[in-house]
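> sequence unknown, structure follows:
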Ligand code: URP
Ligand code: ZN
Ligand code: ZN
């Protein structure tokens, strides 16, 4: 017996039509008109959109940052993702300082034992040496086709230009894609202590320490180096006119360079959010910083004209009011155990969060939650807002990421033979986004009180129902690792 999605408006990146989809086992076996319901469970999809499950290629589950670790793990983050229509994501495994790529991979494989949706890994290189160079080809055997680098976070993750160029050369030879967080870390490292010394310690000064020019400069540098040797490059979390112009210039020159922005960069501003009274702005401290309404317009234009290919989240959730309850003694007694273990014993305990930056923005963990909000917000302000067609929405949220990251057509589309990752999306259902009802493990929502119309009412992963209205049906261990293919498409 299969599951027959009947009479829905099927949306792919290239098409929109009323039809039926038959799922048998974990894959789509038939798409057509009037498929016989005999012997199948029938899901009446009349009046609904039927779309591929969303893909988010930029998330940080349990990311160590400064004196803490981001809240959502593969259990809570995955549940939240699925409620928002995302059924696959790629998280960043990180080479520990002084460690190997294998160490980083092992750390993230351990986290992924809690997986409830499908996931992959990028490999972040934080320290390039001969041993690491020798490890890179082996990543392909692990199904990892993307190498992440930073031009920012000096003294922690930042690599020098020589290392960056060396990584680009090996990536090109191996058919891998280089991903970059592009901000000039040296300039930021100069600006930040001066602001603090001048008493400019509030969250809003985080933006002054990372102005748009340093994002534009680093993007241009990376695009130029990639263009010199034809290395595929993907610039993550782009926020502003300066970096978009650098990417657009490279693409016009025919360089294999692509980019994403994240949901928050369309909606939040320095003036209203980061500069909110009191400590409220802490909720919005992320790198690069949120920008201006002018930049929001630049980003909508860039997704519409194809300069940007994907909208991700950079999901990295920290408590606004964290550090509540005794834990450090317990952790010490238990061999420096994970905060998460203590939180399971005492759910009222909260690991440290944004309050670490009270009186000094430079001590604040950087990042914002959004894995659950991404598709809801972009549907509301993109599709309902008249900026994107439903097909363009699917292209940005599902199909392009699958193509660029070596998962297509297993993921990212509705086709015979594809994984049955399916959303039944009700375009009429109304919902108010709120921390009171979201599933992310965090005590605020960046879009609190926003009214939206349209959300997934049924979410399937490989034919298994994960979400039915408000009900969660996923299970720990239900998510599968996605082995990705090299030489992916350049879009
Ligand atoms: O502020 C951010 N973006 N935190 C997560 C780490 C990163 O730089 O992507
Ligand atoms: Zn980043
Ligand atoms: Zn990130």
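Now that the structure is in, tell me what you want to look at. Just so it is clear, the structure is predicted and the values come from calculations on it, not from any experiment. Ligands and ions are numbered 1, 2, ... in the order given.

> CA atoms for contacts and neighbours, from now on please.
Fine.

> how about the residues of the protein by ligand 1?
Applying Cα under 6 Å from any ligand atom, we find that the chain lies next to ligand 1 at 286-287, 314, 316, 366-367.

> which of the residues you listed lies closest to residue 160?
The shortest approach to residue 160 among these belongs to residue 287, at 19.0 Å (Cα to Cα).

> quick one on the thing from earlier: looking at the residues of the chain next to ligand 1, which is nearest residue 122?
Nearest to residue 122 out of these is residue 314 (Cα to Cα; 13.1 Å).

> contacting residues for the closest one?
Residues near residue 314 by Cα atoms under 8 Å, 6 or more residues apart in numbering: 58-60, 237, 262, 367-371.

> now swap in residue 240 and tell me
Counting by Cα under 8 Å, 6+ apart, residue 240 has contacts 212, 215-216, 291, 295-296, 298-299.

> state the phi and psi torsions of it.
Here is the backbone geometry of residue 240 (degrees, to the nearest 10): phi -150, psi 170.

> distance-wise, check it relative to residue 282.
According to Cα to Cα, to the nearest Å, residue 240 and residue 282 sit 21 Å apart.

> so residue 76 makes contact with residue 440?
Yes - counting by Cα atoms under 8 Å, residue 76 does reach residue 440; the two are 6.4 Å apart.

> between the two, which has more neighbouring residues?
residue 440 (26 against 18; other Cα atoms under 10 Å).

> ok, so what distance separates that one from ligand 1?
16 Å (Cα to the nearest ligand atom, to the nearest Å).

> for the stretch 201-350 of the chain, give me the ranges with low pLDDT.
326-328, 335, 337 (pLDDT under 70).

> three-state assignment of the residue of it found nearest ligand 1?
Distance from ligand 1 to each residue of the stretch 201-350 of the chain (Cα to the nearest ligand atom) is smallest for residue 286, at 3.3 Å. Three-state assignment for residue 286 (DSSP: H, G, I helix; E, B strand; the rest coil): coil.

> what separation do you get for it and residue 62?
16 Å.

> just the element for the residue most central in space within the chain, please.
Centroid-nearest residue in the chain, with Cα atoms, centre = their mean: residue 58, separated by 2.7 Å. Residue 58 is located in strand 54-59, with elements delineated by DSSP states H and E.

> swap in residue 170?
Using DSSP H and E, residue 170 sits in helix 161-174.

> immediately after that helix, which helix or strand?
Downstream of helix 161-174, the first helix or strand assigned by DSSP H and E is strand 177-181.

> for the record, mean pLDDT for that following strand?
Here strand 177-181 scores 98 as its mean pLDDT.

> pull out the buried residues from the helix holding residue 170.
For helix 161-174, a neighbour-count test (16 or more other Cα atoms under 10 Å) marks 163-165, 167-172 as buried.

> between these, which sits nearest ligand 1?
For the buried residues of helix 161-174, the residue nearest ligand 1 by Cα to the nearest ligand atom is residue 164; the value is 16.6 Å.

> now do that closest one, the pLDDT please.
On pLDDT, residue 164 comes in at 98.

> surely it meets residue 149?
Yes - between residue 164 and residue 149 there is a contact under Cα under 8 Å: 7.3 Å.

> what's the overlap in contacts for residue 76 and residue 440?
The contact lists of residue 76 and residue 440 share no entry, where a contact means Cα under 8 Å, 6+ apart.

> which residue ranges form the helices in this structure?
For the chain, applying DSSP state H gives helices covering 76-83, 101-111, 130-141, 161-174, 185-197, 205-209, 212-229, 241-252, 293-304, 328-333, 339-345, 374-378, 390-394, 400-404.

> tell me which of those helices sits most buried.
Across those, the average number of neighbours (mean count of other Cα atoms under 10 Å) peaks for helix 76-83, which reaches a mean of 26.

> who's in contact with that helix?
So helix 76-83 is contacted by 61, 87, 115-117, 371-372, 438-441, 456, 459, 466-467, 472, 474 (Cα under 8 Å, 6+ apart).

> same check on stretch 57-65?
Contacts of stretch 57-65 (Cα under 8 Å, 6+ apart): 69-74, 77, 89-92, 111, 236, 312-316, 365-366, 371, 401.

> tell me which of those fall in strands.
69, 89-92, 312 (DSSP state E).

> distance between the ends of stretch 366-380?
Termini of stretch 366-380 sit 27 Å apart (Cα to Cα).

> average model confidence for it?
For stretch 366-380, the per-residue pLDDT averages 98.

> same question for stretch 474-491.
Computed over stretch 474-491, the average pLDDT equals 98.

> quick one: contacts of it?
Stretch 474-491 is contacted by residues 75, 79, 113-120, 140, 142-145, 174-176, 232, 256-258, 309, 400, 403-407, 465-467 when judged by Cα under 8 Å, 6+ apart.

> mind checking pLDDT for residue 54?
99.

> give me the number of residues near it?
Neighbours around residue 54, by other Cα under 10 Å: 32.

> and it, bridged to which residues?
residue 86 (DSSP bridges).

> give me every residue that touches it.
Applying Cα under 8 Å, 6+ apart, the residues near residue 54 are 85-88, 375, 394, 397-398, 412.

> got it, and residue 188?
Contacts of residue 188 (Cα under 8 Å, 6+ apart): 152, 209-210, 214.

> gap between it and ligand 1?
13 Å.

> next: residue 132.
When residue 132 is compared with ligand 1 (using Cα to the nearest ligand atom), they lie 21 Å apart.

> surely that residue and residue 101 touch.
Yes - the pair residue 132 / residue 101 is scored as a contact, 6.7 Å apart, by Cα under 8 Å.

> per-residue pLDDT of the nearest residue to residue 185 once chain neighbours are set aside, please?
Excluding the flanking residues, the one nearest residue 185 by Cα to Cα, 6 or more residues apart in numbering is residue 152, at 3.9 Å. We have a pLDDT of 98 for residue 152.

> burial measure for residue 152, as a count.
27.

> then residue 277?
Other residues close to residue 277 by other Cα under 10 Å number 11.

> now do residue 359
16.

> how near is it to residue 279?
Residue 359 sits at a distance of 9 Å from residue 279 (criterion: Cα to Cα).

> and residue 198, by the same measure?
18 Å.

> and for residue 97?
32 Å.

> neighbour count for these two, which is higher?
residue 279 (18 against 12).

> so the more buried one makes contact with residue 358?
Yes - Residue 279 is within contact range of residue 358, at 7.4 Å (criterion: Cα under 8 Å).

> between those two, what contacts are shared?
residue 202.

> that older thread, which of the residues of the chain next to ligand 1 lies closest to residue 192?
Among the residues of the chain next to ligand 1, and counting by Cα to Cα, the member closest to residue 192 is residue 287, at 13.1 Å.

> spatially nearest residue to that closest one, not counting backbone neighbours?
residue 366 (6.3 Å).

> do residue 304 as well
Leaving out its chain neighbours, the residue that sits closest to residue 304 by Cα to Cα, 6+ apart is residue 388, at 7.3 Å.

> on that earlier part again, just the buried residues of helix 161-174 now: which is nearest residue 41?
Nearest to residue 41 among these, with distances taken as Cα to Cα, is residue 171, at 46.2 Å.
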